[in-house]
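S.K.: Fold the following for me, if possible:
(chains A and B)
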Protein chains: 2
Amino acid sequence: MLSSSFELPEDVLRARQNVKWGKYGTDVLPAWVAEMDFSIAHPIQRTLERMVGDHDYGYPDRGGNHGDGTLVAAFRSRMLKHFAWETDPSLILPLSDLVQGTFATILALSEPGDGVILQLPAYPPFHEAINSTGRRLIPYRLEPGSERYSHEPGSLSKLIDPTTKIILLCNPQNPTGRVFEQAELEEIGRVAIERDLVILSDEIHADLVYRGAKHIPIATLSPEIAARTITITSATKGFNIPGLRCGVLYFGSQALKERFHARFPARVLGSPGITGIDATVAAWNHGQPWLDAVLDHLDGNRRRIRDFISTEIPAIQTLMPEATYLGWLDCSRLGLSGSAHDFFLEQGKIGFSAGEFFDPNGHKFVRFNFATSRRIVDRILERMADAVRSNQRG
Amino acid sequence: MLSSSFELPEDVLRARQNVKWGKYGTDVLPAWVAEMDFSIAHPIQRTLERMVGDHDYGYPDRGGNHGDGTLVAAFRSRMLKHFAWETDPSLILPLSDLVQGTFATILALSEPGDGVILQLPAYPPFHEAINSTGRRLIPYRLEPGSERYSHEPGSLSKLIDPTTKIILLCNPQNPTGRVFEQAELEEIGRVAIERDLVILSDEIHADLVYRGAKHIPIATLSPEIAARTITITSATKGFNIPGLRCGVLYFGSQALKERFHARFPARVLGSPGITGIDATVAAWNHGQPWLDAVLDHLDGNRRRIRDFISTEIPAIQTLMPEATYLGWLDCSRLGLSGSAHDFFLEQGKIGFSAGEFFDPNGHKFVRFNFATSRRIVDRILERMADAVRSNQRG
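M.R.: Numbering: from 1, shown residues only, chains lettered A, B, ... in the order given. Here you go, the predicted model:
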């Protein structure tokens, strides 16, 4: 039944100890938290099997100050190879996760009451990182066009007042799947320079870009933009190892690094464990063939979803993502009384992510994680269509 | 050649990718960084083999806010069983390591220029946590007696001025191996209350206490002491899994927790990965039989070292530790021209930890990590004796 070597059947998935398959009962198909229902790349698996086989859990000898030398080298090599981005090893900070990097950057580079610009809809912890630290969330809306979401050109500079300090960019964007083009990134960079903003660029989905789109790290646009940009990325999303916890924060300049460390000396942020480090190094250095095969499969899924919804459930509006395995579904024309999430959970037995966590006005939206077997994607689509048909009859 | 099932021969140890065996050439026997040359407990190994076998690296379903529910439960259960210590789940903060917890506590609960009392000799990162954050290190010396190190009674209160904010207690103590008795801890608690100090108690060696001594968490002495105590601990030391990175910080009161989180919202500190969490839970819940066997072996080693040194190298002064697998050797009567560390490395091909990292006046001391096979302990002792004899002839 499974068309690719990395697909896993439902019984294996349900036996895992992860939140994705553990949150709901066995009658629900989960399509929420952003991890993939796939076995991982062989090079990652081999490095973990080696470690476990040798009981090699000691203080790691991987070069660098805290055993992170191989991680630093793998990050530099991947950024150079994939994005022609020359990075400076002294400006790389390994972290356990990118939410940590987001909180730390906001706390270090702004004060309570300051404005932080956030693209909406946005990953829920970004809302939390702004709201829970007493910063002011300034919405920078993505609006749907005929093919994709985008910001209205020229709208960014109008959002800024003297207390605005940071723009939090997510590129490729979660949940809309946008991969911003050079001209779009240049507007953000130009405004950041003119209005003296720090750019915090979450690029964790950069490994998951489909043919036809091209990821551009915003820090590569110009030295002036780089100097005010903190980039955060991780192999855990593209290579499906989120539980191992390992990410990288990259300071675009020594000055940003110094401002950051004045608030957070490096050791207060902890450090990734060896399983996260070794898995990340294996992923970045040797995981690309696996990722290419996964992307082919995901590309099929995103097309399948677009085709099915446009013919079978045309009241749902969705645009095909340019990156990520996430669909952002506008269900506002379904005439639902409650939230779209609750409707599909109750009537369809599908566990999507609730739109209201991404956008305060998003309760008629759901996010569809389609990183699963084609068989499960098809079952979810059939359940959606059945639920909508029953609702329209009811 | 190996007397216990967990001992590992030198060729296996040298094949590992850890700093302990990787730092020096193959002619040197390493006895420095605090990890053990032993295979780990079967329950830990089984849980890691299960995870790797299932490719189960997703966002973990272990209860709690961030997949740390089992860790919180295992900490509570172990503290209750071993130390009759009732802990509050809302006051537990999982971390990646205890150096992180030390930096965070010092930064959150004192200001630059404030005094932090540190027992000397002390774990080098504690010096760094005080000095690199611009706090003032106030030495609280441990002095050798006939049987063990201790502080001069009554000396603590004399160290304190109005800018003194924290006492950093290490119990059991690294590197002297002291397990402080109730009366000693009560003096610290009493002074902390009288002079309004926070107690930061590193209890990472509490699993490694020999028969005859008893570990008392200082937070168990009284509610008043608990209310001003932050305890940090981890299974990584006693169960030999430091590379997996997982520890626990415990706030003795809601007020301390609030002061801490005002500076460090929980998510800025990151979180341990699933390998660290699952290994820690397995260790605390099921690792005790392995630990008991390891402690018997270590007890033999500490006695062997005492007996050998007192008869063969009596110019070295050392007291048998009550806990830890660390010997603190006073080599000042050897008449060495340079540091004791350099002497034993160059003349004995032994890689001890250098005493000057534990105490600015400690360059005639070395720390001897004896958590290895009896065979390697004996080879190190013979090398020491040969080096000292050659030096006396030379």
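S.K.: Just list the residues touching the closest residue to residue A:237 other than its chain neighbours, thanks.
M.R.: Of all residues not flanking residue A:237 in the chain, residue A:204 sits nearest, at 4.7 Å (C-beta to C-beta, 6 or more residues apart in numbering or on different chains). C-beta coordinates here come from the backbone N, C-alpha and C atoms, glycine included. Taking C-beta atoms under 8 Å, 6 or more residues apart in numbering or on different chains as the contact definition, residue A:204 lies against A:98, A:232, A:233, A:234, A:236, A:237, A:238, A:247.
S.K.: For the residues you listed, give me JSON lines that also has distance to residue A:18, pLDDT and neighbour count.
M.R.: Listed next are the contacts of residue A:204 as JSON lines, based on distance: C-beta to C-beta, whole Å; pLDDT from 0 to 100; neighbours: other C-beta atoms under 10 Å in any protein chain shown:
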{"residue": "A:98", "distance to residue A:18": "19", "pLDDT": "94", "neighbour count": "23"}
{"residue": "A:232", "distance to residue A:18": "23", "pLDDT": "98", "neighbour count": "23"}
{"residue": "A:233", "distance to residue A:18": "22", "pLDDT": "98", "neighbour count": "24"}
{"residue": "A:234", "distance to residue A:18": "17", "pLDDT": "98", "neighbour count": "32"}
{"residue": "A:236", "distance to residue A:18": "13", "pLDDT": "97", "neighbour count": "28"}
{"residue": "A:237", "distance to residue A:18": "15", "pLDDT": "98", "neighbour count": "23"}
{"residue": "A:238", "distance to residue A:18": "17", "pLDDT": "98", "neighbour count": "26"}
{"residue": "A:247", "distance to residue A:18": "19", "pLDDT": "97", "neighbour count": "27"}
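S.K.: Out of those residues, which sit inside helices?
M.R.: Among those, the residues falling in helices (DSSP state H) are residue A:98.
S.K.: what's the closest of the contacts of residue A:204 to residue A:257?
M.R.: residue A:232 (13.7 Å; C-beta to C-beta).
S.K.: So the closest one sits against residue A:205, correct?
M.R.: No - Residue A:232 is not in contact with residue A:205 according to C-beta atoms under 8 Å; the separation is 11.6 Å.
S.K.: residue ranges for the strands of the stretch 151-300 of chain A, please.
M.R.: Along the stretch 151-300 of chain A, the stretches classed as strands by DSSP state E, counting those that start in this stretch are A:164-170, A:198-202, A:229-233, A:247-251.
S.K.: looking at those strands, which is closest to chain B?
M.R.: strand A:247-251 (8.9 Å; C-beta to the nearest C-beta).
S.K.: Check the contacts of residue A:204 and tell me the two furthest apart.
M.R.: Taking C-beta to C-beta, no two of those sit farther apart than A:232 and A:238, at 13.9 Å.
S.K.: residues from the stretch 101-250 of chain A in reach of chain B?
M.R.: Residues of the stretch 101-250 of chain A lying near chain B by C-beta under 8 Å from any C-beta of the partner chain: A:103-104, A:107, A:125, A:128-129, A:132-133, A:240-246.
S.K.: Which of the three states applies to residue A:388?
M.R.: helix (DSSP: H, G, I helix; E, B strand; the rest coil).
S.K.: Burial check on the closest residue to it other than its chain neighbours, number of neighbours?
M.R.: Excluding its sequence neighbours, the residue lying closest to residue A:388 (C-beta to C-beta, 6+ apart) is residue A:313, at 5.3 Å. By other C-beta atoms under 10 Å in any protein chain shown, the residues close to residue A:313 number 18.
S.K.: try residue A:335
M.R.: 11.
S.K.: how close does it get to chain B?
M.R.: Per C-beta to the nearest C-beta, to the nearest Å, residue A:335 is found 34 Å from chain B.
S.K.: How much space separates that residue from residue A:343?
M.R.: Distance, residue A:335 to residue A:343, using C-beta to C-beta, to the nearest Å: 10 Å.
S.K.: So which residues of chain A form helices?
M.R.: Going by DSSP H, chain A shows helices at A:10-15, A:19-22, A:42-53, A:69-83, A:98-109, A:124-131, A:155-158, A:182-194, A:223-226, A:254-263, A:274-286, A:288-312, A:340-348, A:374-393.
S.K.: What residues of the fourth one count as buried?
M.R.: In terms of neighbour count (16 or more other C-beta atoms under 10 Å in any protein chain shown), helix A:69-83 has its buried residues at A:69, A:70, A:71, A:72, A:73, A:74, A:75, A:76, A:78, A:79, A:83.
S.K.: what angle separates it from helix A:288-312?
M.R.: In this structure, helix A:69-83 runs at an angle of 50 degrees to helix A:288-312, with axes from the mean of the first three to the mean of the last three C-alpha atoms, to 10 degrees as the basis.
S.K.: Which other helices and strands does helix A:69-83 contact?
M.R.: On a contact count with 3 or more C-beta pairs under 8 Å, 6 or more residues apart in numbering or on different chains; DSSP states H and E, helix A:69-83 meets strand A:92-95, strand A:247-251, helix A:274-286.
S.K.: which one of the ones you listed lies closest to residue A:363?
M.R.: strand A:247-251 (30.5 Å).
S.K.: Need the contact partners of that closest one.
M.R.: A:71, A:75, A:87, A:91-98, A:100-101, A:104-105, A:204, A:219, A:230-234, A:236, A:257, A:260, A:272.
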